[in-house]
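>>> sequence and predicted model, in that order:
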Amino acid sequence: MAGRRVRTPIRLGAAAVSAAAALALMTTVVETTGASAAPDAPTDLAAAVRAVSDPASTQYRHFWTPEQIAPYLPAATSARSAARGHMVHPQRIEGVESPGCSKYFGQYAANSYPAMGGVVAPLAVCGYTPEQLRSAYDTDGQAGHGVTVAVLGAYASPTMPGDADKYAQDHGDSAFRDGQYEQNATPDGWTLQSACDVDSWASEEALDIEAVHAMAPQASVLYVGADSCQDSDMLTALGRIVANRSADVVTASWGSPLHEASGDEPADVIAVYERLFQLAALEGITVDFSSGDCGANAPDSGCGAGSGSSRLQTIFPASDPWVTAVGGTSLAIGDDGETLWQSAWGTRAWQLQGAEWKPMGWVFGGGGGAAEDFAQPWYQAGHVPDQVADTLLTGAAGTAPRRVVPDISLAADPFTGMLIGQTRSEGGGPARYGESAIGGTSLAAPLLAGLEADMAARAGTRDGVCGLGFLNPALYRLDGTQYIRDVTGGPGATGQVYPPISGVPAVYAGFGDDTPLAATPGYDTATGLGAPGDDFTAAPDRSIDR
């Protein structure tokens with residue numbers, strides 16, 4: 001069954017790092033998918049996308065209509081008999097309720113645990129609330145009114161939007177109003193539920209929807225669930241969004257390496273994804289993908305081995321130059337709701353054995369680096385250092401400057417993650433609603449999508465479209481401004497202590513080690529341009545003047 005693999009949602013729960021399973025974040029399921037080749041497009045399609053996406057262009061935000069893009073839509077992609085491509089699964093570690101934690105960073109010191117390097121660490125954050133995250137990312141009262149965000153996943157949760165409503169109300173926000181939430185899924189057509197781990201996708205849905213709603217409480221949310229985690233079904237679901245222009249922003253928290261021990265992603269499957277991304281941009285749809293939770297996807301790491309990665313590399317679709325790749329940070333929010341510090345997200349952990357911390361090694365971190373399969377896009381030229389763009393993660397020189405990810409980074413460290421609510425069964429027991437801290441770039445992407453909804457609402461409509469389209473050209477024009485906060489590596493603490501749970505010993509989780517990726521001044525492979533800065537929701541307007 002060579003040449004087949006999975007795509008996986010990307011989500012981490014802080015508690016699970018305590019277990020040995022924390023080293024196996026990505027699951028490889030061998031299955032096939034089908035994808036039809038995209039029809040011929042005009043040779044200037046990429047130029048047309050650039051024209052409507054670049055703030056320097058006179059055609060900026062003069063988007064195409066669904067009728068105009070219709071001739072260039074890929075053919076149906078759901079025929080599994082012509083199977084090629086891969087499957088996609090959640091890349092995550094589940095969270096559980098913490099028995100002892102801090103409501104904000106540094107609230108409590110872990111005085112009953114051994115010091116690390118002579119320093120008493122704080123107890124890990126319980127999970128940030130929507131109010132804390134809106135404050136830290138300076139939403140400035142924006143709420144995404146009039147904007148629709150689509151969450152692209154597989155299957156559908158039987159307890160949504162009820163869980164999201166309860167979560168919002170329990171944390172001082174409003175539940176979805178009538179018509180604000182829509183779920184587009186077809187249970188009668190679902191297949192491969194066991195191979196795709198249907199419960200994992202339900203957890204992913206809860207995370208994504210609650211994160212979007214937290215950052216843009218007035219935005220409409222459309223959940224689109226594919227019939228399986230196969231590429232063919234994912235492409236069909238994405239194609240429906242694009243064909244109907246069903247949303248202004250699309251967020252997706254799944255991905256995998258293009259080159260795995262079981263085989264490479266077929267070129268025609270990549271081409272169909274890329275065509276849909278380009279058409280989405282032409283219509284004014286912003287598309288975000290998580291950059292991954294395994295750093296450089298080293299085959300000898302626990303997470304890299306779990307994904308079947310054959311060498312150091314980035315993950316797809318985040319590596320595609322027509323989407324915004326969202327990386328991860330560790331985020332310290334103080335008791336006043338303000339950001340104390342940020343660092344690149346990368347976790348090296350120690351487990352308490354007796355009175356000593358014993359090394360567990362490097363566990364996980366945000367994905368990034370030069371993508372061997374894609375050339376450098378125009379918007380990265382002059383912003384990404386030449387040495388970074390010219391050097392693959394393997395250390396080999398690229399044939400020409402490469403696309404480098406991520407583009408921007410938000411909270412992803414599960415030890416400084418977001419509190420998420422979901423109804424589920426633990427250990428075969430009865431299903432119940434509970435809350436836990438969840439992280440991963442699976443969190444970072446929907447957080448950004450919510451901010452983008454705020455941005456789009458603030459920017460207003462143009463030609464009747466309330467959308468910003470492909471955001472990267474505007475983001476890179478903001479390099480070095482107050483709207484992008486450069487993340488330079490040095491965290492304000494060395495780590496946190498996560499108390500023991502269910503017989504699993506306590507864990508000390510360090511900050512800022514995403515080796516070989518590193519946060520440095522300016523663009524870097526660990527955090528990209530950096531994190532959203534002051535008044536970020538006004539950034540698109542400001543980019544036009546640069």
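Cool, the structure landed.
>>> show me the strands in the stretch 51-200 of the chain, by range?
91-93, 148-154, 181-184 (DSSP state E, counting those that start in this stretch).
>>> for Ala168, find the nearest of these.
Closest approach to Ala168 among these (Cβ to Cβ): strand 181-184, 10.8 Å. For every residue, glycine as well, the C-beta is placed using N, CA and C.
>>> and among the strands of the stretch 51-200 of the chain, the most buried is which?
Of all these, strand 91-93 carries the top mean neighbour count, a mean of 30, counting by mean count of other Cβ atoms under 10 Å.
>>> beta partners of the closest residue to Ala526 other than its chain neighbours?
Nearest residue to Ala526 in three dimensions, chain neighbours excluded: Ala344, at 3.6 Å (Cβ to Cβ, 6 or more residues apart in numbering). According to DSSP bridges, the partner residues bridging Ala344 are Thr329.
>>> still on that earlier bit, how about the strands of the stretch 51-200 of the chain, which one is nearest Asp231?
Taking Cβ to Cβ, strand 148-154 is the member of the strands of the stretch 51-200 of the chain nearest to Asp231, at 11.1 Å.
>>> now do the closest one: which elements does it pack against?
Here strand 148-154 touches helix 198-215, strand 220-226, helix 231-244, strand 249-252, helix 441-459, going by 3 or more Cβ pairs under 8 Å, 6 or more residues apart in numbering; DSSP states H and E.
>>> pairing partners for the second one, with directions?
Its sheet considered, strand 220-226 pairs with strand 148-154 (parallel), strand 181-184 (parallel) by DSSP bridges.
>>> adding mean pLDDT, write those strands out as a markdown table.
Below are the strands paired with strand 220-226 laid out as a markdown table (pLDDT from 0 to 100):
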| stretch | mean pLDDT |
| --- | --- |
| strand 148-154 | 97 |
| strand 181-184 | 96 |
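>>> relative to Asp173, how far out is Val151?
To Asp173, Val151 is 18 Å away according to Cβ to Cβ, to the nearest Å.
>>> can I get the helices and strands packed on strand 148-154 in TSV with mean pLDDT, distance to Gly495 and mean neighbour count?
Formatted as TSV, the helices and strands packed on strand 148-154 follow (pLDDT from 0 to 100; distance: least, Cβ to Cβ, whole Å; neighbours: other Cβ atoms under 10 Å):
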stretch	mean pLDDT	distance to Gly495	mean neighbour count
helix 198-215	95	24	26
strand 220-226	97	35	24
helix 231-244	94	37	23
strand 249-252	98	30	31
helix 441-459	95	20	30
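>>> of those, give the one that comes closest to Leu133.
helix 198-215 (5.9 Å).
>>> what angle separates that closest one from helix 441-459?
With axes from the mean of the first three to the mean of the last three Cα atoms, to 10 degrees as the basis, helix 198-215 and helix 441-459 are set at 40 degrees to each other.
>>> run the chain-centre distance for helix 198-215.
Relative to the centre of its chain, helix 198-215 is centred 12 Å away, using Cα atoms, centre = their mean, to the nearest Å.
>>> follow-up on the earlier one: between the strands paired with strand 220-226, which one is nearest to Gly337?
Smallest distance to Gly337 across the strands paired with strand 220-226 (Cβ to Cβ): 23.4 Å, for strand 148-154.
>>> phi, psi of the closest residue to Tyr137 other than its chain neighbours?
Among residues not flanking Tyr137 along the chain, Pro532 sits closest, at 5.3 Å (Cβ to Cβ, 6+ apart). Note on Pro532: its backbone torsions stand at phi -50, psi 130 [degrees, to the nearest 10].
>>> check the spacing between Pro532 and Thr186 real quick.
Remark: distance between Pro532 and Thr186 (Cβ to Cβ) = 36 Å.
>>> same check, this time on Ala397
Taking Cβ to Cβ as the measure, Ala397 falls 47 Å from Thr186.
>>> in terms of neighbours, single out the busier of these two.
Thr186 (12 against 9; other Cβ atoms under 10 Å).
>>> what's around the residue lying closest to Gly533 once chain neighbours are set aside, how many residues?
Using Cβ to Cβ, 6+ apart and skipping the chain neighbours, the partner closest in space to Gly533 is Arg485 (3.8 Å). Neighbours of Arg485 under the rule other Cβ under 10 Å: 22.
>>> circling back: which among the helices and strands packed on strand 148-154 is found nearest to Asn297?
Taking Cβ to Cβ, helix 441-459 is the member of those nearest to Asn297, at 12.8 Å.
>>> which strands or helices does the closest one pack on?
In this structure, helix 441-459 packs against strand 8-13, strand 148-154, helix 198-215, strand 249-252, strand 286-290, strand 324-333, strand 408-411, helix 539-543, with contacts taken as 3+ Cβ pairs under 8 Å, 6+ apart.
>>> got a list of contacts for the fourth one?
Counting contacts by Cβ atoms under 8 Å, 6 or more residues apart in numbering, the residues outside strand 249-252 that touch it are 147-153, 208, 212, 238, 241, 280, 285-290, 317, 445-446, 448-449, 452-453, 456, 467.
>>> ok, the residue nearest to Gly533 touching Asp535?
No. Applying Cβ atoms under 8 Å as the test, Arg485 and Asp535 come out as separate, 11.2 Å apart.
>>> okay, now Ala175: neighbour count?
Neighbours of Ala175 under the rule other Cβ under 10 Å: 16.
>>> do Gly460 as well
9.
>>> so who does the spatially closest residue to Ala355 that is not a sequence neighbour touch?
Closest residue to Ala355 apart from its sequence neighbours, by Cβ to Cβ, 6+ apart: Pro114 at 5.8 Å. Contacts of Pro114 were listed using Cβ under 8 Å, 6+ apart, and they are 352, 355-357.
>>> which of the residues you listed are buried?
Neighbour counting with 16 or more other Cβ atoms under 10 Å marks 352, 357 as buried within the contacts of Pro114.
>>> I'd like the contacts of Pro114 as TSV, with distance to Gly528 and secondary structure appended.
TSV is the format used below for the contacts of Pro114 (distance: Cβ to Cβ, whole Å; DSSP: H, G, I helix; E, B strand; the rest coil):
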residue	distance to Gly528	secondary structure
Leu352	34	strand
Ala355	41	coil
Glu356	37	strand
Trp357	32	strand
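>>> reformat the contacts of Pro114 as CSV; add pLDDT.
Output for the contacts of Pro114, formatted as CSV (pLDDT from 0 to 100):
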residue, pLDDT
Leu352, 95
Ala355, 91
Glu356, 93
Trp357, 95
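>>> which one of the contacts of Pro114 sits closest to Val507?
Leu352 (7.2 Å).
>>> from what I see, the closest one and Ala509 are in contact.
No. The criterion here is Cβ under 8 Å, and Leu352 misses it with Ala509 at 11.8 Å.
>>> got the phi and psi for the residue nearest to Ala355?
In terms of degrees, to the nearest 10, the main-chain angles of Pro114 are phi -60, psi 150.
>>> distance of it from Ser502?
Distance, Pro114 to Ser502, using Cβ to Cβ: 21 Å.
>>> before we move on, what about Asp454?
According to Cβ to Cβ, Asp454 stands 39 Å off from Ser502.
>>> so where's the chain uncertain?
By pLDDT under 70, the weakly predicted segments of the chain are 1-43, 76-99, 540-546.
>>> now do the helices in it.
45-53, 66-69, 130-136, 162-170, 193-196, 198-215, 231-244, 267-283, 302-307, 386-390, 441-459, 472-477, 539-543 (DSSP state H).
>>> tell me the buried residues in the fourth one?
Meaning helix 162-170. Counting neighbours by 16+ other Cβ under 10 Å, helix 162-170 gives 163-168 as buried.
>>> need those in a markdown table (columns: distance to Gln132).
A markdown table is the format used below for the buried residues of helix 162-170 (distance: Cβ to Cβ, whole Å):
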| residue | distance to Gln132 |
| --- | --- |
| Asp163 | 20 |
| Ala164 | 18 |
| Asp165 | 20 |
| Lys166 | 19 |
| Tyr167 | 14 |
| Ala168 | 14 |
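>>> now, which of those residues sits nearest Pro130?
Pro130 lies nearest to Ala168 out of those, by Cβ to Cβ, at 7.4 Å.
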